[in-house]
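A.B. asks: have a look at this fold, sequence not included:
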């Protein structure tokens, strides 16, 4: 039986100076090795929830917090960010916000040196991270002279080298074209399947994720509204009413099912119908 690696119980949070809660009575359990997609309208609390998992909330942002967040058997209230960072890797929406070294290699080893690991282990983890993410050819390049997709891979590699049990990615494809986004999702899926990493991915591009993720969680107004496997969630009428961008193939199926009286005689009819929906 798979045991939970994340347990959240009655979590509510308000940022300093804010009158309205960003999270309201969130209760959630995530199993070890799961691939979870977290989505919802902008400002719904997705990023705030992720910040609670690595200790940025409450240790860095402050504010008012109620409830418990336990990650890898560590209650985030009782453990420093530096300790939690060894269990929870966080990749930000804009990779340039966490890249600062003069070369990709130096970027990856920075965190390892701060852990005071032996030189041999640092070299071993560096080579492993470069190979796992498939960026060996970038090791001497400056992080500021490579593409956005490559920067995201470097950011992931620098976090992966710390060997966390959980990898959180906050909208990592927001500035990528569809092909780069698809390639990045495939890398993330590979990490989940081959390494058993627990993945929490905040994302709006659900078309590309529907066949990769195990579980979809939809938030709105700081509350967990809907959760389940992709088929259950995307077929829910509530999701459509919330304005979530469900995969287009699901939308097509729902449209065709709701209008069975429309008989399409040719490819041209079908193409015309697709343009109208």
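C.D. replies: Done, it's in. Keep in mind that this is a model prediction, so the values were computed, not measured. Residues are numbered from 1 along each chain as shown.
A.B. asks: list the beta-bridge partners for the residue most central in space within the chain.
C.D. replies: Nearest to the geometric centre of the chain sits residue 201, at 1.6 Å (CA atoms, centre = their mean). Counting by DSSP bridges, residue 201 is bridged to residue 37, residue 169.
A.B. asks: state the distance from it to residue 276.
C.D. replies: Computed as CB to CB, to the nearest Å, the residue 201 to residue 276 distance reads 33 Å. Where C-beta positions appear, they are placed from N, C-alpha and C, glycine not excepted.
A.B. asks: spell out the secondary structure type for the spatially closest residue to residue 183 that is not a sequence neighbour.
C.D. replies: In space, and not counting its chain neighbours, residue 183 is closest to residue 149: 6.5 Å by CB to CB, 6 or more residues apart in numbering. Following DSSP: H, G, I helix; E, B strand; the rest coil, the label given to residue 149 is helix.
A.B. asks: and for residue 149, the neighbour number?
C.D. replies: Using other CB atoms under 10 Å, residue 149 has 20 other residues around it.
A.B. asks: ok, it - contacts?
C.D. replies: Residue 149 makes contact with 176, 180, 183-184, according to CB atoms under 8 Å, 6 or more residues apart in numbering.
A.B. asks: for residue 132, same thing?
C.D. replies: So residue 132 contacts 157, 160, 191, 195 (CB under 8 Å, 6+ apart).
A.B. asks: any idea how many residues pack against residue 17?
C.D. replies: 7.
A.B. asks: reformat the contacts of residue 149 as JSON lines; add pLDDT, neighbour count and distance to residue 85.
C.D. replies: Shown next, in JSON lines, are those (pLDDT from 0 to 100; neighbours: other CB atoms under 10 Å; distance: CB to CB, whole Å):
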{"residue": "176", "pLDDT": "85", "neighbour count": "19", "distance to residue 85": "25"}
{"residue": "180", "pLDDT": "86", "neighbour count": "17", "distance to residue 85": "27"}
{"residue": "183", "pLDDT": "89", "neighbour count": "16", "distance to residue 85": "27"}
{"residue": "184", "pLDDT": "90", "neighbour count": "21", "distance to residue 85": "22"}
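A.B. asks: just put the residues you listed in CSV and tack on secondary structure.
C.D. replies: Shown next, in CSV, are these (three-state DSSP):
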residue, secondary structure
176, coil
180, helix
183, helix
184, helix
